[in-house]
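Trainee: model the structure of this input:
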Amino acid sequence: MTLRPRLLVIGGGSIGERHVRCFQHTERVEVAICDTNEELCATLAERYGLRERFSSFDAACASEPDLAVLCTPAHLHVAMATRLIRAGVPVLIEKPLGVGLEGVDELLSAAETQRVTAGVAYVYRAHPALGAMRQAIQDGRFGQPVQVVAVFGQHFPFYRPAYREIYYRDRTTGGGAIQDALTHVINAAEWLVGPVTELVADADHLVLEGVQVEDTVHVLARHRQVMAAYSLNQHQPANEGTLTVVCERGVVRFEIHRGRWMWCEQPAEPWQEEPAVTLERDDLFRWQAAAFLDAVEGRVPPLCTLEEGLQTLRVNLAALRSTESRAWEAVAAPAPSLVDRRR
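Mentor: Next up, the predicted model:
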């Protein structure tokens, strides 16, 4: 009997536990867990029937896993991912790629040298409705995109009640609305219309108790010639998000809370709706897990490559700079190959 590949989930927080659950659901890998909290590690191993657990990253690496999912705080991502990739281990890195650019060139160089599959876990890309809307845009069905408008909100304490004790409380570990939530929306928009090239941002801490990082953010941006406006908060009761792309010959909209995309092509005509996709909370992560395994097997590219994750990291950093400078900030130009993949 052929043994299944050994997949190591590094980090046993809520997102790490979800990856354990969702990769197990594929029935294509044998999952192990690594967390420095030995009690948490043992609990997860027992809860999911895991045969292996590790309480140190060194010990986990020494076990020579076949694949890895990196779910540690964002400031640890680049160094840990580089070590795994240099050992020839394909890795899925939770978003964002990092909190700065230090070490990223070495990470990309290692992935290229080792020819190892690596990606960043921007899970919106696994949504079939967003993927279908993207295909319609890329096919030119509505003409060239000219404007993006995104409005998202969620009651973060309801979904992450431990937010005061985790990475979220500090920007240096990936916390705050820009790096935690807006980064998903920006990455999705870049997938649709191309990379952000400049922006101006306003952000503040308005509601969430027990933290000082921003929970509300507004961004004006340019995706080259495409104008964009983003509004996001992490405290409203309604959990909803809309991403609208206005094109030369129509307008399309993704509604993540309704699991659908829709379009309108003529004045005074109603929106035309694609059938909604009914999702359980784990579904996107299950599809992302399957897509990563397909990429490792060489069937498809990663949903979000390291280069694409780096582009969105640069946007995060520009937005953070802009909240301090109160001015427009340039985003470093992506590699030509990245732009080509968008067109």
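
Trainee: which residues in the stretch 201-343 of the chain form strands?
Mentor: With DSSP state E, counting those that start in this stretch, the ranges of strands along the stretch 201-343 of the chain come out as 216-223, 226-233, 240-247, 250-255, 260-264, 272-273, 329-330.

Trainee: okay, these in a markdown table with mean pLDDT, distance to residue 123 and mean neighbour count next?
Mentor: From N, CA and C alone the C-beta is placed, and that goes for glycine too. Listed next are the strands of the stretch 201-343 of the chain as a markdown table, based on pLDDT from 0 to 100; distance: least, Cβ to Cβ, whole Å; neighbours: other Cβ atoms under 10 Å:
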| stretch | mean pLDDT | distance to residue 123 | mean neighbour count |
| --- | --- | --- | --- |
| strand 216-223 | 98 | 20 | 21 |
| strand 226-233 | 98 | 16 | 20 |
| strand 240-247 | 98 | 13 | 19 |
| strand 250-255 | 98 | 14 | 20 |
| strand 260-264 | 98 | 17 | 20 |
| strand 272-273 | 96 | 23 | 13 |
| strand 329-330 | 98 | 27 | 16 |
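
Trainee: redo the ones you listed as CSV? Include distance to residue 148.
Mentor: Shown next, in CSV, are the strands of the stretch 201-343 of the chain (distance: least, Cβ to Cβ, whole Å):
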stretch, distance to residue 148
strand 216-223, 7
strand 226-233, 4
strand 240-247, 6
strand 250-255, 10
strand 260-264, 14
strand 272-273, 20
strand 329-330, 18
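
Trainee: all helices for the stretch 51-200 of the chain, in order.
Mentor: All helices of the stretch 51-200 of the chain, identified by DSSP state H, counting those that start in this stretch, fall at 57-62, 77-86, 104-114, 128-138, 156-159, 177, 183-193.

Trainee: going by neighbour count, which residues of the fifth one are buried?
Mentor: The reference is to helix 156-159. Buried residues in helix 156-159, counting neighbours by 16 or more other Cβ atoms under 10 Å, are found at 156, 157.

Trainee: moving C-terminal from that helix, which element do we reach first?
Mentor: Going down the chain from helix 156-159, the next helix or strand is helix 177, by DSSP states H and E.

Trainee: thinking again about what came up before, between the strands of the stretch 201-343 of the chain, which one is nearest to residue 186?
Mentor: Residue 186 lies closest to strand 226-233 among the strands of the stretch 201-343 of the chain, at 7.0 Å (Cβ to Cβ).

Trainee: for the closest one, give me every contacting residue.
Mentor: With contact meaning Cβ atoms under 8 Å, 6 or more residues apart in numbering, strand 226-233 is reached by 145-154, 177, 181-182, 185-186, 189, 193-194, 196, 206-207, 215-222.

Trainee: put the buried members of those residues into a ChimeraX selection.
Mentor: To isolate the buried subset of those in ChimeraX, counting by 16+ other Cβ under 10 Å, use the following:
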select :145,148,149,150,152,153,154,177,181,182,185,186,189,193,194,196,215,216,217,219,221,222
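
Trainee: show me the contacts for the closest residue to residue 143 other than its chain neighbours.
Mentor: Nearest non-adjacent residue to residue 143, counting by Cβ to Cβ, 6 or more residues apart in numbering: residue 248, 3.0 Å away. The contact partners of residue 248, by Cβ under 8 Å, 6+ apart, come to 142, 143, 144, 146.

Trainee: again, but for residue 179
Mentor: Residue 179 makes contacts with 74, 96, 99, 171, 316, 320, as judged by Cβ under 8 Å, 6+ apart.

Trainee: swap the cut-off to 10 Å and go again
Mentor: Taking Cβ atoms under 10 Å, 6 or more residues apart in numbering as the criterion, residue 179 is in contact with 74, 95-96, 98-99, 167-168, 171, 173, 213-214, 313, 316-317, 319-320.

Trainee: ok, now which ones touch the residue of the chain positioned farthest from its centre?
Mentor: Using Cα atoms, centre = their mean, the residue of the chain lying farthest from its centre is residue 268. It sits 36.4 Å away. With contact set as Cβ under 10 Å, 6+ apart, residue 268 has no partners.

Trainee: need the pLDDT of the closest residue to residue 212 other than its chain neighbours.
Mentor: Once flanking residues are discounted, residue 212 sits nearest to residue 205: 5.6 Å by Cβ to Cβ, 6+ apart. Predicted confidence (pLDDT) at residue 205: the value is 98.

Trainee: residue 280 too?
Mentor: Looking at residue 280, the pLDDT reads 89.

Trainee: how close does it sit to residue 189?
Mentor: 25 Å (Cβ to Cβ, to the nearest Å).

Trainee: kindly report the same for residue 3.
Mentor: Distance, residue 3 to residue 189, by Cβ to Cβ: 41 Å.

Trainee: and of the contacts of residue 179, the nearest to residue 275?
Mentor: Closest approach to residue 275 among the contacts of residue 179 (Cβ to Cβ): residue 95, at 28.4 Å.

Trainee: show me the contacts for that closest one.
Mentor: Residue 95 touches 15, 74, 77, 120-124, 174, 179-180, 183-184, 187, 304, 309, 312-313, 316, counting by Cβ under 10 Å, 6+ apart.

Trainee: can you report how many residues lie near the closest residue to residue 159 other than its chain neighbours?
Mentor: The shortest distance from residue 159 to any non-neighbouring residue, by Cβ to Cβ, 6+ apart, is to residue 239 (7.7 Å). Using other Cβ atoms under 10 Å, residue 239 has 14 other residues around it.
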